[in-house]
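Q: generate a structure from the sequence data that follows.
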Amino acid sequence: MMYRKSVQILALGTLAALPMLASAQAAAADPAPAPNLTGNVAITTNYKFRGQDQDMIGKNDYAKDSYVKPAIQGGIDYAFGSSGFYVGNWNSSVNWLPGNSVEMDFYGGYKFKGGPIDWDVGVLTYVYPGNTAGNTTEIYGAGTWADEAIGAFTAKYSWTVSKDYFNYAGNKGGSGLDGTNTGYLNFAYTKEIIPKVIFKAAVGYTFFSSDIKSLGYKDYLDYNVGAAYDFGSGLTLGGYIQGGNEQSAFNVLSNPGVDINGTTFGATTFSPNKTRFILTLTKTL
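A: Here you go, the predicted model:
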């Protein structure tokens, strides 16, 4: 009698559990979240990368010193559902390599949560199709800690694994020098200070390879501080002060005159690390 009662209780329990089991099976059968595709377009008054102007070539291939050197930029990002893996492409008009007018960045990586930190590791290749001497590949790792009341802090390190670092070593030109192991460390902070206004600040440090430093270049610090206003619908306008130190180590020839014999005179110099105030209008799609 006790055995029969136990069987009845077990059967009733099983029947009661069937709806929950069916629900669990239906949930398991549901497809994974759809991949997430996003895009962005922007126009900026001056494109700086790690504190350095990316529009440098002026008349007669001499450098041009101007606060307004507009660039058009844009890219797409593709996240593989909730797996953490992603790939992307970002592009900008540039003018610092003879024969080239565009920078194309291709990257892929993996994002994951580790305790209170959001981690991001990946690889990024900078491609200059008109002049491949500038092509550079880096691997990177970043960690972000965020608090709604305090803001978000990010630390990121990028390590060059290609033979050269943006043509600084002149490797493809046959210099015999190597830009591998050049590193870049960056610390960034963001915080909404008032509704729709995001404060942003960052400081970075470039560690050149020994071969690059043998040419007279110096490790340098760059900075970026400003704020962006969110208009809604993915449209933002930002204003930033950007530049770098060790400016004289990167001086280039600017605005020379040329006499009938082809000799330059009256030339001045300026540094791509020069501090600029930059406006950027961005639309996220």
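Q: C-alpha only now, for contacts and for neighbours.
A: Noted.
Q: can you tell me which residues contact the nearest residue to L221 once chain neighbours are set aside?
A: Distance criterion CA to CA, 6 or more residues apart in numbering; nearest residue to L221, sequence neighbours excluded, is Y205 at 4.4 Å. Neighbour list for Y205: Y184, L185, N186, D219, Y220, L221, D222 [criterion: CA atoms under 8 Å, 6 or more residues apart in numbering].
Q: the fourth one is in contact with F207, isn't it?
A: Right, the one you point to is D219. Yes - contact criterion CA atoms under 8 Å: D219 and F207 qualify, at 5.1 Å.
Q: tell me the spacing between F112 and Y86.
A: Here F112 is placed at a distance of 11 Å from Y86 (CA to CA, to the nearest Å).
Q: to clarify, my last question referred to T45.
A: Here T45 is placed at a distance of 29 Å from Y86 (CA to CA).
Q: now do the same for I57: its pLDDT.
A: At I57, the model reports a pLDDT of 85.
Q: leaving out sequence neighbours, find the closest residue to it.
A: Nearest non-adjacent residue to I57, counting by CA to CA, 6+ apart: A63, 4.6 Å away.
Q: can you list the buried residues in the helix or strand containing D230?
A: In the assignment (DSSP states H and E), D230 maps to strand 220-232. Buried residues in strand 220-232, counted by 16 or more other CA atoms under 10 Å: Y220, L221, D222, Y223, N224, V225, G226, A227, A228, Y229, D230.
Q: so, low pLDDT: which residues of this protein?
A: For the chain, the stretches with pLDDT under 70 are 1-35, 59-60, 255-260, 262-266.
Q: would you list every one of the helices in it?
A: Using DSSP state H, the helices of the chain run over 2-29, 210-213.
Q: follow-up on the earlier one: show me the two of the contacts of Y205 that sit farthest apart.
A: The largest separation in these, counting by CA to CA, is between N186 and D219 at 13.6 Å.
Q: which among the contacts of Y205 gets closest to T269?
A: Y220 (18.6 Å).
Q: so that closest one bridges to which residues?
A: Beta bridges link Y220 to T206 when assigned by DSSP bridges.
Q: surely it and G244 touch.
A: Yes - Y220 is within contact range of G244, at 6.9 Å (criterion: CA under 8 Å).
Q: in stretch 73-87, what counts as buried?
A: Within stretch 73-87, the residues scored as buried using 16+ other CA under 10 Å are Q73, G74, G75, I76, D77, Y78, A79, F80, F85, Y86, V87.
Q: what about these, which are in strands?
A: In strands, judged by DSSP state E, the following of the buried residues of stretch 73-87 are found: Q73, G74, G75, I76, D77, Y78, A79, F85, Y86, V87.
Q: and which of the residues you listed is nearest to S254?
A: Nearest to S254 among those: Q73, at 25.9 Å, using CA to CA.
Q: quick check: the closest one vs N171, distance?
A: Look at Q73 and N171: by CA to CA, they are 28 Å apart.
Q: again, but for D65
A: Applying CA to CA to D65 and N171 gives a distance of 27 Å.
Q: who has more neighbours out of these two?
A: Neighbour count, other CA atoms under 10 Å: between D65 and N171, D65 has more, with 22 against 18.
Q: show me this structure divided up by domain.
A: Segmentation of the chain into domains, based on automatic domain parsing, reads 1-30, 36-284.
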